[in-house]
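Asker: My questions concern the predicted model and sequence given below.
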Amino acid sequence: MRKLGIYLVITLGAILLAPFVIDQLFFFFFLGKIPFTNISLPAILMVIFWAIIVPLAIILRESLSVLFWKFIDIASEIAQRRINRKIRYFTPNQKSELILLSIYLLSSTKKSKPDHEVEAQKLAPSMS
C-alpha cells in the first residue's frame, strides 16, 4: 500500500512538472541541447552518453530500485521516531504524575472537610 502511494505521488509530480520540462527533455534526448541553457552537445558526446547510460541503467536497475525503497524506509523511520518523540514528551513523567496526584488529593480533602458545621437533617416522619 505504501509503495502504491509513492508511485502515485511520483506520477502526480511528473504530470504536474511535464508541461514545464517536457520540451527541454525532448531537446536533450533528440538534439543534445542541455536543459534550460543554449548549450548544445556535439553528436559524438551524445553517442557516448547513450552508450554509457543505457547499459548502466540496465545493470543498475535492481540496485537503484532497492536503494530507492531503502531511502523511503529510512525516511519513514525518521518520521516515526519524530512521532514517538512527540508522544514521549507529551506524556507526563513520574514526578509530574505524583504532583498531579497530590494536588487532586488535596483538593478532594478540602471538599470533604467544610469550614462550618452542617446541621444534621431531620428525616420526614414517614421515613423514621
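Answerer: In hand now; what should we look at? On a predicted model such as this, the values are computed, not experimentally measured, just so you know.
Asker: from here on, contacts and neighbour counts on C-alpha atoms
Answerer: Will do.
Asker: Near residue 51, how many other residues are there?
Answerer: Residues lying near residue 51 (other C-alpha atoms under 10 Å) number 11.
Asker: helix or strand for it, which one?
Answerer: helix 43-59 (DSSP states H and E).
Asker: the bottom helix or strand of the protein by mean pLDDT?
Answerer: Least confident helix or strand, the chain: helix 94-112 with a mean of 72, by mean pLDDT, DSSP states H and E.
Asker: sorry, back to before: quick check: mean pLDDT of the helix holding residue 51?
Answerer: On average, the pLDDT along helix 43-59 is 85.
Asker: what's the angle between whichever helix or strand comes after it and helix 43-59?
Answerer: Moving toward the C-terminus from helix 43-59, the next helix or strand (DSSP H and E) is helix 61-90. Angle, helix 61-90 to helix 43-59, by axes from the mean of the first three to the mean of the last three C-alpha atoms, to 10 degrees: 70 degrees.
Asker: quick revisit: got the buried residues for the helix holding residue 51?
Answerer: The neighbour-count check on helix 43-59 (16 or more other C-alpha atoms under 10 Å) flags residue 46 as buried.
Asker: same question, stretch 28-39
Answerer: For stretch 28-39, the neighbour count (16+ other C-alpha under 10 Å) marks 28, 32, 33, 35 as buried.
Asker: thinking the last one is in contact with residue 25, fair?
Answerer: Yes: in this structure residue 35 lies within contact range of residue 25 using C-alpha atoms under 8 Å: 6.7 Å.
Asker: contact partners of the strand or helix carrying residue 11?
Answerer: Assigned by DSSP H and E, residue 11 belongs to helix 2-26. Applying C-alpha atoms under 8 Å, 6 or more residues apart in numbering, the contact partners of helix 2-26 are 33, 34, 35, 36.
Asker: do that again at 10 Å, thanks
Answerer: Applying C-alpha atoms under 10 Å, 6 or more residues apart in numbering, the external contacts of helix 2-26 come out as 1, 28, 29, 31, 32, 33, 34, 35, 36, 37, 69, 72.
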